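J.: Turn this into a structure:
(one chain, ligands or ions: 1)
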Amino acid sequence: MAMTPWWQRGAIYQVYPRSFADGNGDGVGDLPGLRAHLDHLSELHAEAVWLSPVFPSPMADFGYDVADYCDVDPLFGTLADLDQLIADCHGRGIRVVLDWVPNHSSDQHPWFVESRSGREHPRRDWYVWRDGAADGGPPNDWRSEFGAVGPAWNFDEGTAQWYLHSYTPQQPDLNWENPAVEAAMHDVVRFWLDRGVDGLRIDALQRLAKDPLLRSNAGSTRRHDQDWPTVHERLRAIRRVVDEYPDRMIVGEVYLLDVQRVVDHLSGGDQLHLAHNFVFLHLPWDAGAFRTVIEDFQRLAEPDAWPAWFLGNHDHSRIATRYDDGGHGPARARAVALLLTALRGTPFLYQGDELGLPDAVVPPDRVVDVDGRDPERAPLPWRPPSVAGPGAGFSTGEPWLPVVEDAEQLCVQRQAADPRSMLSLVRRLAALRAASPTLQSGGQQVLDAGPGVLAWLRTGDGERLLAAVNFAVEPRRLTGDALPGGECTVLLSTDPEWAPSSVAPRRSAVRDLTLQPSEAVLLRLPA
Ligand code: GLC
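T.: Okay, here's the model as predicted:
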């Protein structure tokens, strides 16, 4: 049997470097800080780490405005620190995935500085410049992704034309219609793959192709400012570059709320390896809704396409807060951990999800992000503030964003010492998956198990595992003809009370099993 590729085996852990660990006390996380905490990733059996951007940047969008694609911002360290991080990770069997931001650069990138210097400059056409509309306004009705920004166009006084920015005005869109831009961005990919990076996360992939006629969205049945059909040929060309190297992976941020359009980026085996599915991230806490998206992927994607599942990242309110609904957050976050680990596909974990962190409370005078994303970017609490000071072991200085209110209880050190904690649960789940070819690569079938319950079977070499999540706020018994009869062994439950007694695995009849509100279980069925 072929080896399961690394990017299918286990979790890919997202580090938001500004908020992971601060090595020099300036209040902002950095690469030396991260290197000093790699044990945490090993304990989570992370197959890979994905770093949000660490490249030189004026930080208008906290690194997603890149001023030099081939270096490291001094705030985070040096290129040598990054090389060392890659070596350290590889020494632990952890792959490294960098964030590649091909749709736009910083307005401080030399390419844009040249481009805006004059209409006749040879790099003018590296960005998207247009004359204004007849009424003197922007060239069309496109809007920035960030509501607070407004129109996606900025007027440049010097050359009296408008440039396109799908995000902030400090992030001008590169012109992918220009083959020289495409070639330059391919060289960036080669630069990092040559340095031993194992994969890239492609930022805002849906924006890489727009209507070349720049027609307005209004009055048309589809959007003209993203997801133009040419995205697929551009993606295939990127994949050809990646395939010049053995065993590398690309995962796309495909921010389209339509499963068919997401899986279109996985088809043919010559596009993405993995696609972030934002339909999944936006689901309400409802068993039927989750079932639909899981089955939609199975139904719509090609048989070889591999799912990626995630419910949190640096752009969205945290799982424990989003699904809290009057106090259910912590239990639901535990259930989510089991769900992501036991579904067929690659789980993505955003730093702090393993602690069940809620959003931090950010007072108005400390707000820094233009799009309201500070609460989910709060620094990771490592140690109790009562011992480590207000930086909670993240920093000896003042953290750039406040840490979560309950850092005392939620920090890594406290949770690591408590077998009932979320962190202990996530570690157990990761260990189970690491030891289970069935969880890593087995088949999958969703089963009817009664209202409010999502259940699915994983099958491998003579082994059958059943996972079930109770989405209801009351206890629910597993019911339904589809459920296998006979006895099962409870390998794990997300109920905190369950852990201490788990020395002798509980045996039970599958159909008699009652799940507590928000409880999830993993069961081994007789072969
Ligand atoms: C992606 C990133 C987000 C960033 C945007 C612009 O959505 O995840 O953080 O602001 O792209 O680069």
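J.: which stretches of the protein aren't confidently modelled?
T.: For the chain, applying pLDDT under 70 flags the ranges 1-2, 499-506.
J.: Tell me if stretch 185-202 is near the ligand.
T.: No. In terms of Cβ under 6 Å from any ligand atom, no part of stretch 185-202 sits within range of the ligand; the closest distance is 8.7 Å. Glycine gets a C-beta too; all of them are placed from N, C-alpha and C.
J.: list the contacts for whichever residue of the chain sits closest to the ligand?
T.: Closest to the ligand within the chain is Tyr64: 3.3 Å, counting by Cβ to the nearest ligand atom. Shown in contact with Tyr64 (Cβ atoms under 8 Å, 6 or more residues apart in numbering): Ser52, Pro53, Ser57, Asp99, Val101, Tyr167, Gln171, Asp203.
J.: between these, which has the most around it?
T.: Val101 (29 neighbours; other Cβ atoms under 10 Å).
J.: quick one: that one and Ala204 touch, right?
T.: Yes. At 7.4 Å, Val101 counts as touching Ala204 under the criterion of Cβ atoms under 8 Å.
J.: which neighbours do those two share?
T.: Common contacts of Val101 and Ala204 (Cβ under 8 Å, 6+ apart): none found.
J.: so which strand or helix has the closest residue to Ser421 other than its chain neighbours?
T.: Nearest residue to Ser421 in three dimensions, chain neighbours excluded: Gln415, at 3.8 Å (Cβ to Cβ, 6 or more residues apart in numbering). Taking DSSP states H and E as the definition, Gln415 sits inside helix 412-416.
J.: Same question for the next helix or strand along the chain from that helix: list its buried residues.
T.: Moving toward the C-terminus from helix 412-416, the next helix or strand (DSSP H and E) is helix 422-434. By neighbour count on 16 or more other Cβ atoms under 10 Å, the buried set for helix 422-434 is Met422, Leu423, Ser424, Leu425, Val426, Arg427, Arg428, Leu429, Ala430, Leu432, Arg433.
J.: Same check on stretch 85-104?
T.: Buried residues in stretch 85-104, counted by 16+ other Cβ under 10 Å: 85-86, 89, 94-104.
J.: List, out of those residues, those positioned next to the ligand.
T.: By Cβ under 6 Å from any ligand atom, the members of the buried residues of stretch 85-104 lying near the ligand are Val101.
J.: Just flag the most distant two among the buried residues of stretch 85-104.
T.: Based on Cβ to Cβ, the longest span within the buried residues of stretch 85-104 runs between Ile94 and His104 and measures 29.4 Å.
J.: and the helix or strand hosting Val49, how far out from the chain's middle?
T.: Secondary structure from DSSP H and E places Val49 in strand 48-51. Chain-centre distance of strand 48-51: 10 Å, with Cα atoms, centre = their mean, to the nearest Å.
J.: Give me every residue in this protein lying close to the ligand.
T.: Counting by Cβ under 6 Å from any ligand atom, the chain sits next to the ligand at Asp61, Tyr64, Val101, Tyr167, Asp203, Ala204, Glu253, His314, Asp315.
J.: The first one is in contact with Pro169, isn't it?
T.: No. Asp61 sits out of contact with Pro169 when judged by Cβ under 8 Å, with a separation of 10.6 Å.
J.: Now do the same contact list for Leu79.
T.: Asp71, Val72.
J.: again with Pro358
T.: Per Cβ under 8 Å, 6+ apart, neighbours of Pro358: Arg318, Ala320, Thr321, Asp324, Gly329, Val404, Asp406.
J.: Can you show me the helices along the stretch 101-250 of the chain?
T.: Taking DSSP state H, counting those that start in this stretch, the helices of the stretch 101-250 of the chain run over residues 110-115, 179-194, 231-242.
J.: now those in CSV, with mean neighbour count?
T.: Output for the helices of the stretch 101-250 of the chain, formatted as CSV (neighbours: other Cβ atoms under 10 Å):
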stretch, mean neighbour count
helix 110-115, 18
helix 179-194, 16
helix 231-242, 17
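J.: is it possible to export these to TSV including distance to Val72?
T.: Shown next, in TSV, are those (distance: least, Cβ to Cβ, whole Å):
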stretch	distance to Val72
helix 110-115	17
helix 179-194	11
helix 231-242	22
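J.: Off-centre distance for stretch 5-19?
T.: Centroid separation for stretch 5-19 versus its chain: 8 Å, with Cα atoms, centre = their mean.
J.: try stretch 319-337
T.: Worked out by Cα atoms, centre = their mean, stretch 319-337 lies 18 Å from the chain centre.
J.: Repeat that for stretch 117-135.
T.: Mean-position distance between stretch 117-135 and its chain equals 34 Å (Cα atoms, centre = their mean).
J.: Next, the distance between the ends of that stretch.
T.: End-to-end span of stretch 117-135 (Cα to Cα, to the nearest Å): 25 Å.
J.: For it, which outside residues touch it?
T.: Here stretch 117-135 makes contact (Cβ under 8 Å, 6+ apart) with 111-112, 114-116, 138-140, 153, 155-156, 158-159, 161-164, 172-175, 178, 180-181, 214.
J.: can you tell me which of these are in strands?
T.: Those of those mapping onto strands are Trp153, Phe155, Asp156, Gln161, Trp162, Tyr163, Leu164, per DSSP state E.
J.: check contacts around the first one.
T.: I take that to be Trp153. Shown in contact with Trp153 (Cβ under 8 Å, 6+ apart): Arg130, Pro138, Pro139, Asn140, Trp142, Trp162, Tyr163, Leu164, His165.
J.: how far away is the residue lying closest to the second one once chain neighbours are set aside from Val446?
T.: If I follow you right, that is Pro138. With Cβ to Cβ, 6+ apart as the criterion, Pro138 has its nearest non-adjacent residue at 3.7 Å, and that residue is Trp153. As judged by Cβ to Cβ, to the nearest Å, Trp153 and Val446 stand 45 Å apart.
J.: So the chain: which segments form each domain?
T.: Taking automatic domain parsing as the criterion, the chain consists of the domains 10-103+179-431, 104-175, 443-524.
J.: and the helix holding Gln415, which residues are buried?
T.: Buried-residue list, helix 412-416, by 16+ other Cβ under 10 Å: Val412, Arg414, Gln415.
J.: Having no further points to raise, I will conclude here.
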